[in-house]
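Participant: Sharing a model prediction with you, sequence too.
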Amino acid sequence: MEAIDLDLDENELELPAEPMHLNMGPSHPAMHGTVRIVLELSGETIVKSDVQIGYLHRGFEKMCERGTWAQVFPYVDRLNYVSPMLNNVGYALAVEKMCEIQVPDRCQWYRMILGELARISDHLTCTGAMAMELGAFTPFLWFIKAREMVWDILEEETGARLTHAFGRIGGMAQPPTPALKEMCRVALSAILKLVEDGEGMLLKNRIFIDRLENIGNISGADAIALSWTGPCLRASGVAYDVRKCHPYLKYDEIDWDMPVGKNGDNLDRFLIRLAEIRQSARIILQSCDRMADDGPVHAKDPRVILPPKSNVYTTIEGTIQHFKLIMEGAKVPAGECYSYTEAGNGELGFYLVSDGSGTPYRVRVRPPCFPITGGLSKLINGNMLSDIVPTFGSLNMIGGECDH
Amino acid sequence: MSERVLQVLKDKFGDAIVETHSAWGDDTAVVNASQWKEVCAFLRHDPQMGFDMLVDLCGVDYPDRDPRIEIVAHLYSVARRHRVRVKARVGNAEMASAEIDSITEIWPGADWFERETYDLMGVTFKGHPDLRRILLYPEFEGHPLLKDYPANKTQPLIPYRTEEEAGVPLDKLAPFRADEGMSFGRRVWSRGES
């Protein structure tokens, strides 16, 4: 039998080496439905990439210029729709900074509890989705089960699972329910158990680790230069957390640690989020211990706070105050201010410009995802095509926030 | 934030600093637009300043003023933990000369912020490596965050691309021709063309 190898010249065996263009997204399942990446590939290696966003642009900043200051709350819910309570609190703090209002202690503890619950839900979604995109479906279901417990508490408190619109200028819409502390304590132990189980499944899995370790590395200095904040920056070893460095609410009175990573790779970003879930649980438990069972959750400031309904229906002053606050909106002093809080993905900034009227002149949101997604190209260039999925997943890009 | 930064800026740049003010703990320096990049580079590289992070860059439109657009940048120093806001004013009523130097060489993170400001406010950043729309699509007319852009304005429909514009035969783009792709499960419809 003769050999079937074809006797070819070396030259003829060479394959065409033009770069191949590939379009990933926006309807690719790993692109979270909102990002398109145009790739130039050499074999399976990414040579160039162009990350295109904007598929979820809804004109947030333009919409805000059309209502009253209080009417912005439902819009900020829809920025980061995985942790809307953190956006509510961030915006409320920004307007309160301009009005120079200090909310009562009970409200501050309440905001911290709700905010940290939202952060847990944010991190659970990100880590769970990241695992699922790499094929680990069980931990995803466990994490979503844990997230469901968080949302049950938030639903009990606010009436809505996802978009709460619960913040108010100078307080919160409702005082905490009597069952809040008990619900938190019961749910948190179950959530931490689920997180531990899921983590055990993933971190003992060689395939999962290999897909994450030493992929998508970024140094601390590079991350700072790209304006990264939040867990992604801390994973690169930069100890910057707004809650620690510029404490607001009562974060300076709580005993908690800021987890910091080392390599800035996908695994570090994954681990940082899991560590932050545990820290958030610590913050919630301590806040539950320290929040008073009764007391006001509103600042006593008639400029911004609606009068009690009993006054609205029985007194002319109450009726007029209610009417003015609803129709004209609370007046915010003229000027400009930048207020920043730590949201699920990093520093959530609100740059507000007021002309002294009841309508915002300009509401600029500084979404933490936006610069992080801007750095995605840098992370994936030179890596394999399949590395996009874990790298993109570890950044936790949230379309509503990134695309305004 | 620190007022000392403003004092250093005023001493160093003199007339280039148009005005400074502080309110609610935020310190602001308004910079002459022609020296924008110079001042930013100083803030980034001077060891006393050390603003290594560009937190945010955006624009605000004041149609009654001349120049009407304010470019606002928020800077932060991770090591020194101080913040400053620097602004520059550009553009007249017709948005002519609404241009300013790009600071992407100083902070690479400015790339997308500048593209966004260009997209929504119509400010041109000179020297930006890739200045194109980011949130909106290329055919969008106007810049929606300008105050004189009506919020209820609609955009014209965009015609389908012709074969010359697309560069490929349009029936070669997905969905494919009837005889291409996976054959199993394909149904043949009796009416109309396949």
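Facilitator: Sure thing, it's come through.
Participant: Every contact and neighbour count from this point should use C-alpha atoms.
Facilitator: OK.
Participant: Can you name every helix or strand that the helix or strand of chain B with the lowest mean pLDDT contacts?
Facilitator: Sorted by mean pLDDT, DSSP states H and E, the helices and strands of chain B end with helix B:163-166, the least confident at a mean of 74. Packed against helix B:163-166, as judged by 3 or more C-alpha pairs under 8 Å, 6 or more residues apart in numbering or on different chains; DSSP states H and E, are no other helices or strands.
Participant: Please save the CA atoms from it in CSV.
Facilitator: Output of helix B:163-166 as CSV, limited to C-alpha atoms (Å, rounded to 0.1, in the frame of the first residue of the first chain):
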residue,chain,number,x,y,z
GLU,B,163,-24.5,46.9,-1.5
GLU,B,164,-21.8,49.5,-2.2
GLU,B,165,-22.0,50.9,1.3
ALA,B,166,-22.0,47.5,2.9
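Participant: how far out from the middle of the chain is that helix?
Facilitator: How far helix B:163-166 lies from its chain's middle: 29 Å, per C-alpha atoms, centre = their mean, to the nearest Å.
Participant: contacting residues for residue A:216?
Facilitator: A:264-266, A:379-380, A:383, A:387, A:391 (C-alpha atoms under 8 Å, 6 or more residues apart in numbering or on different chains).
Participant: Next step: the residues you listed restricted to strands.
Facilitator: With strands taken from DSSP state E, there is no overlap with the contacts of residue A:216.
Participant: Filter the residues you listed down to the buried ones and express that as a PyMOL selection.
Facilitator: To isolate the buried members of the contacts of residue A:216 in PyMOL, using 16 or more other C-alpha atoms under 10 Å in any protein chain shown:
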select buried, chain A and resi 264+265+266+379+380+383+387+391
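Participant: In terms of distance to residue B:118, which of the contacts of residue A:216 ranks first?
Facilitator: Checking the contacts of residue A:216 against residue B:118 with C-alpha to C-alpha, the nearest one is residue A:379 at 24.9 Å.
Participant: Which neighbouring elements make contact with the strand or helix carrying residue A:143?
Facilitator: Here residue A:143 sits within helix A:137-158, counting by DSSP states H and E. Using 3+ C-alpha pairs under 8 Å, 6+ apart, the elements in contact with helix A:137-158 are helix A:105-133, helix A:180-203.
Participant: Take these and write them to TSV, including distance to residue B:155, mean pLDDT and mean neighbour count.
Facilitator: Converted to TSV, the helices and strands packed on helix A:137-158 look like this (distance: least, C-alpha to C-alpha, whole Å; pLDDT from 0 to 100; neighbours: other C-alpha atoms under 10 Å in any protein chain shown):
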stretch	distance to residue B:155	mean pLDDT	mean neighbour count
helix A:105-133	35	92	24
helix A:180-203	47	92	17
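Participant: Minimum distance to residue B:104: which of those has it?
Facilitator: Residue B:104 lies closest to helix A:105-133 among these, at 29.8 Å (C-alpha to C-alpha).
Participant: could you show me where the strands are in the chain, in order?
Facilitator: Defaulting to chain A. Counting by DSSP E, the strands of chain A are A:20-24, A:36-42, A:45-52, A:167-168, A:171-172, A:335-343, A:346-354, A:362-366.
Participant: meant chain B, my bad for not saying
Facilitator: Per DSSP E, chain B has strands spanning B:17-23, B:26-31, B:53-61, B:69-76, B:83-90, B:99-101, B:124-126. These are given in chain order.
Participant: between those strands, which gets nearest to chain A?
Facilitator: With C-alpha to the nearest C-alpha as the criterion, chain A lies closest to strand B:53-61 of the strands of chain B, at 5.5 Å.
Participant: what's next to that closest one, contact-wise?
Facilitator: A:224-227, A:362, A:364, A:366, B:68-78, B:107, B:109-110, B:113-114, B:116-117, B:121, B:145-147.
Participant: tell me the angle of it relative to strand B:69-76?
Facilitator: Put simply, strand B:53-61 runs at 160 degrees to strand B:69-76, going by axes from the mean of the first three to the mean of the last three C-alpha atoms, to 10 degrees.
Participant: Spit out the contact partners of the closest residue to residue B:131 other than its chain neighbours.
Facilitator: In this structure, residue B:131 finds its nearest non-sequential neighbour in residue B:115, 5.7 Å apart by C-alpha to C-alpha, 6 or more residues apart in numbering or on different chains. Counting by C-alpha under 8 Å, 6+ apart, residue B:115 touches B:131-134.
Participant: Just name the closest of those residues to chain A, please.
Facilitator: Taking C-alpha to the nearest C-alpha as the measure, chain A sits nearest to residue B:134 out of the contacts of residue B:115, at 6.4 Å.
Participant: That closest one contacts residue B:119, doesn't it?
Facilitator: Yes. In this structure, residue B:134 is within contact of residue B:119 by C-alpha atoms under 8 Å, at 6.4 Å.
Participant: list the buried ones in stretch A:322-339?
Facilitator: Residues of stretch A:322-339 classed as buried by neighbour count (16+ other C-alpha under 10 Å): A:322, A:324-325, A:329-334, A:336-339.
Participant: can you name the two of those that are farthest apart?
Facilitator: Applying C-alpha to C-alpha across those, the maximum distance is between A:322 and A:338, 28.6 Å.
Participant: Would you mind listing what in the stretch 201-350 of chain A touches chain B?
Facilitator: By the rule C-alpha under 8 Å from any C-alpha of the partner chain, the part of the stretch 201-350 of chain A lying against chain B is A:224-227, A:240, A:245, A:335-338.
Participant: One more: the stretch 1-150 of chain A?
Facilitator: Residues of the stretch 1-150 of chain A found near chain B (C-alpha under 8 Å from any C-alpha) are A:52-55, A:57, A:61-63, A:97-98.
Participant: can you list the strands of chain A in a markdown table and add mean pLDDT?
Facilitator: Formatted as a markdown table, the strands of chain A follow (pLDDT from 0 to 100):
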| stretch | mean pLDDT |
| --- | --- |
| strand A:20-24 | 82 |
| strand A:36-42 | 87 |
| strand A:45-52 | 89 |
| strand A:167-168 | 89 |
| strand A:171-172 | 88 |
| strand A:335-343 | 92 |
| strand A:346-354 | 92 |
| strand A:362-366 | 92 |
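Participant: can you list those strands in TSV and add distance to residue B:56?
Facilitator: Below are the strands of chain A laid out as TSV (distance: least, C-alpha to C-alpha, whole Å):
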stretch	distance to residue B:56
strand A:20-24	28
strand A:36-42	24
strand A:45-52	20
strand A:167-168	24
strand A:171-172	27
strand A:335-343	10
strand A:346-354	8
strand A:362-366	6
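Participant: Any idea which of those strands gets closest to residue A:109?
Facilitator: Residue A:109 lies closest, by C-alpha to C-alpha, to one member of the strands of chain A: strand A:171-172, at 11.3 Å.
Participant: Quick check: residues of chain B near chain A?
Facilitator: Proximity of chain B to chain A (C-alpha under 8 Å from any C-alpha) is limited to residues B:23-24, B:26, B:52-56, B:58, B:60, B:78, B:81, B:107-113, B:134-136, B:144-145, B:151.
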